[in-house]
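Enquirer: sequence plus the predicted model coming up.
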Amino acid sequence: MATEFKKNILCIGAGYVGGPTMSLIAYKCPFYKVTVVDINPERIAEWNSDTLPIYEPGLDEVVRTARGRNLFFSTDIETEIKQADIIFVSVNTPTKTFGAGAGLAADLQYWEKTARQILECADSPKIIVEKSTLPVKTALAMERILTSTDSGIHFEVLSNPEFLAEGTAIKDLENPDRVLIGSSQTEKGLQARDELVEIYANWVPRDRIITSNVWSSELSKLVANAFLAQRISSINAISVLCEETDADVNEVARSIGMDSRIGSRFLNASVGFGGSCFKKDILNLVYLCRNYGLDEVADYWENVVKINEYQKERFVLKMLKSMFNTLAEKRIAIFGFAFKSDTGDTRDSPAIFITKKLVEENADIIITDPKALKNAKKDLEGVEGSIDYQIDPYKAAEKSHAIAILTEWELYRNLDFEKIFQSMNKPAFIFDGRNIVDHQALFEIGFNVYPVGKPALTHFK
């Protein structure tokens, strides 16, 4: 006997947002059929295999429980659009690399193709849910595309931005700070909104489900990421001053973080932020402000990105200056290539920029990371220079002149650095771009230690 499902939910896009989000909805709501489609057959095959295309703690268990019961992955986009009642759009919206707004605006070509495909294939009313991070007023453009023909089919467009942090995505989905749903304020818009509220209410307390108009919802996603990135850039700017004045950025951050008006989160000085969202969303916000003639506002947010780029450049220059102003033919071990721990995602990772700069200095690079080596190879494809990859950090460190810690993997906190020191060329350097290891202990072993936002510990006279 075939299972009777309450509704058919479809997600177009099987990436870092669509895959985990739909898996968790299926896990929590067994009476909804949830299908994820993508144009990439290799990615869909991985979602249907024992080796998922992304690493996320807890995701394997969620997928194993729901897959085949009410969670399905497919490449048959046209059929699934016809059968769906609710369609989440979670396609890639990278920063434009061409034309007007290049380097700032969101590239909406994949989003528009998806909207047109929905219009072409749909033969019944649909609720369309924006899940991708999109510029404010994008829902209006989608609505215009979906109503561009006289099909008689009604589409209602909602905004439901994601607020996931990679590495904790399943926890964030299971216990979110808030779920935001934006809709038009018409009778049909509010009805569609209530249908989406009903899905999330299966596990999210009602007081954490926030409703708004569409434009507030779209803008809230950009602003949330801009504010978080602003905090990181702010503490990174102060880390530069700390190094010049012999202050300790961790002590400064702890002091200001205990102020209840400020709070302690996102105040860890580092080599810089990465990932698919922060830089892209801030530049999108900059473009939006300039489009409305708000140049002073645009300049303010653009500087958040500039400080981040400066922090990465400064890290490389510190390495060069500390290692006697030459890196040529020196072996440097990169510890961590993912943009953060507990993910294999390397999009806009500081490690990409830093590795390329080190290669330009003719350094010999060996990269180690527990989850991101496959993506690292793709990111550095075509880069001319000496780059090797090694899963074992001990082997990566052998005969190296320096270690650069670029991802805050817990693994790196607990390594046998005495053993590592003995295997390295001397003098041995550690550049801790995440401030995660015991700097004094490493100094006592014999390393020359260069943290972020703290005085260096060196054996040089």
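Expert: Cool, the structure landed. Numbers count the residues shown, from 1 in each chain.
Enquirer: break the protein into its domains for me.
Expert: With domains defined by automatic domain parsing, the chain comprises 7-204, 222-306, 311-450.
Enquirer: so who does the nearest residue to Asp281 once chain neighbours are set aside touch?
Expert: Spatial nearest neighbour of Asp281, excluding adjacent residues (C-beta to C-beta, 6 or more residues apart in numbering): Asn225 at 4.2 Å. (Each C-beta comes from the backbone N, C-alpha and C, glycine too.) Shown in contact with Asn225 (C-beta atoms under 8 Å, 6 or more residues apart in numbering): Thr133, Cys277, Phe278, Asp281, Ile282.
Enquirer: restrict the helix or strand hosting the fourth one to CA atoms and write it as PDB.
Expert: Using DSSP states H and E, the element containing Asp281 is helix 278-291. Backbone C-alpha positions of helix 278-291 (Å, rounded to 0.1, in the frame of the first residue of the first chain) are rendered in PDB as follows:
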ATOM      1  CA  PHE A 278      29.800  36.700   4.500                       C
ATOM      2  CA  LYS A 279      31.800  38.400   1.800                       C
ATOM      3  CA  LYS A 280      29.200  37.700  -0.900                       C
ATOM      4  CA  ASP A 281      26.400  39.100   1.200                       C
ATOM      5  CA  ILE A 282      28.200  42.200   2.300                       C
ATOM      6  CA  LEU A 283      29.200  43.000  -1.300                       C
ATOM      7  CA  ASN A 284      25.600  42.500  -2.300                       C
ATOM      8  CA  LEU A 285      24.600  44.900   0.500                       C
ATOM      9  CA  VAL A 286      27.200  47.400  -0.800                       C
ATOM     10  CA  TYR A 287      25.800  47.100  -4.300                       C
ATOM     11  CA  LEU A 288      22.300  47.600  -3.100                       C
ATOM     12  CA  CYS A 289      23.200  50.700  -1.200                       C
ATOM     13  CA  ARG A 290      25.100  52.200  -4.100                       C
ATOM     14  CA  ASN A 291      22.100  51.500  -6.300                       C
END
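Enquirer: Lys279 versus Pro125, what's the distance?
Expert: As judged by C-beta to C-beta, to the nearest Å, Pro125 and Lys279 stand 38 Å apart.
Enquirer: ah, wrong one, I meant Ala247
Expert: Distance from Ala247 to Lys279, by C-beta to C-beta: 28 Å.
Enquirer: can you check Phe443 too?
Expert: On the measure of C-beta to C-beta, Phe443 and Lys279 end up 34 Å apart.
Enquirer: quick one: which of those two has more around it?
Expert: Between Phe443 and Lys279, counted using other C-beta atoms under 10 Å, Lys279 has the larger neighbour count: 21 against 16.
Enquirer: who touches that one in this structure?
Expert: Thr95, Ala229, Phe273, Val305, Asn308, Asp348.
Enquirer: now for Asn325, how many residues are close by?
Expert: 7.
Enquirer: need the three-state assignment for it.
Expert: coil (DSSP: H, G, I helix; E, B strand; the rest coil).
Enquirer: ramachandran angles for it?
Expert: phi 60, psi 20 (degrees, to the nearest 10).
Enquirer: list the contacts of it.
Expert: Contacts of Asn325 by C-beta under 8 Å, 6+ apart: none found.
Enquirer: ok, Gly182 next?
Expert: Ala139, Leu158, Ser159, Asn160, Thr211, Ser212, Asn213, Val214, Trp215, Ser216, Ser217, Glu218.
Enquirer: repeat for Lys312
Expert: So Lys312 contacts Val271, Gly272, Pro350, Phe353, Ile354 (C-beta under 8 Å, 6+ apart).
Enquirer: now do the helices in the stretch 151-300 of the chain.
Expert: With DSSP state H, counting those that start in this stretch, the ranges of helices along the stretch 151-300 of the chain come out as 169-174, 187-200, 214-245, 249-257, 278-291, 295-322.
Enquirer: the third one vs helix 187-200, what angle?
Expert: Read it as helix 214-245. Using axes from the mean of the first three to the mean of the last three C-alpha atoms, to 10 degrees, the inter-axis angle of helix 214-245 relative to helix 187-200 is 50 degrees.
Enquirer: relative to Pro350, how far out is the spatially most central residue of the chain?
Expert: For the chain, the residue nearest the mean C-alpha position is Gly275 (3.5 Å; C-alpha atoms, centre = their mean). As judged by C-beta to C-beta, Gly275 and Pro350 stand 10 Å apart.
Enquirer: what touches both of these two?
Expert: Joint contacts of Gly275 and Pro350 (C-beta under 8 Å, 6+ apart) are Phe339.
Enquirer: measure Asn284 to Ser217 for me?
Expert: 15 Å.
Enquirer: which residues does Ile86 contact?
Expert: Shown in contact with Ile86 (C-beta under 8 Å, 6+ apart): Lys7, Asn8, Ile9, Leu10, Lys126, Ile127, Val129, Glu195, Leu196, Ile199.
Enquirer: can you rerun that using 6 Å?
Expert: Contacts for Ile86 (C-beta atoms under 6 Å, 6 or more residues apart in numbering) come out as Ile9, Ile127.
Enquirer: need the phi and psi values for Ile387.
Expert: phi -130, psi 120.
Enquirer: how about Ile262, nearest residue that isn't a chain neighbour?
Expert: Nearest one to Ile262, counting by C-beta to C-beta, 6+ apart, is Ile256 at 5.4 Å.
Enquirer: output the below-cut-off pLDDT ranges for the stretch 51-200 of the chain.
Expert: Residues of the stretch 51-200 of the chain that meet the criterion pLDDT under 70 lie in 93-108, 110, 133-140.
Enquirer: which stretches of the stretch 1-150 of the chain form helices?
Expert: Going by DSSP H, counting those that start in this stretch, the stretch 1-150 of the chain shows helices at 18-28, 41-47, 59-66, 77-83, 109-121, 138-146.
Enquirer: cool, and the stretch 301-450 of the chain?
Expert: Using DSSP H, counting those that start in this stretch, helices in the stretch 301-450 of the chain cover 350-360, 373-379, 393-397, 410-413, 417-423, 439-445.
Enquirer: can I get these in a markdown table including mean pLDDT and distance to Phe315?
Expert: Shown next, in a markdown table, are the helices of the stretch 301-450 of the chain (pLDDT from 0 to 100; distance: least, C-beta to C-beta, whole Å):
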| stretch | mean pLDDT | distance to Phe315 |
| --- | --- | --- |
| helix 350-360 | 98 | 6 |
| helix 373-379 | 97 | 18 |
| helix 393-397 | 98 | 19 |
| helix 410-413 | 97 | 16 |
| helix 417-423 | 98 | 20 |
| helix 439-445 | 98 | 16 |
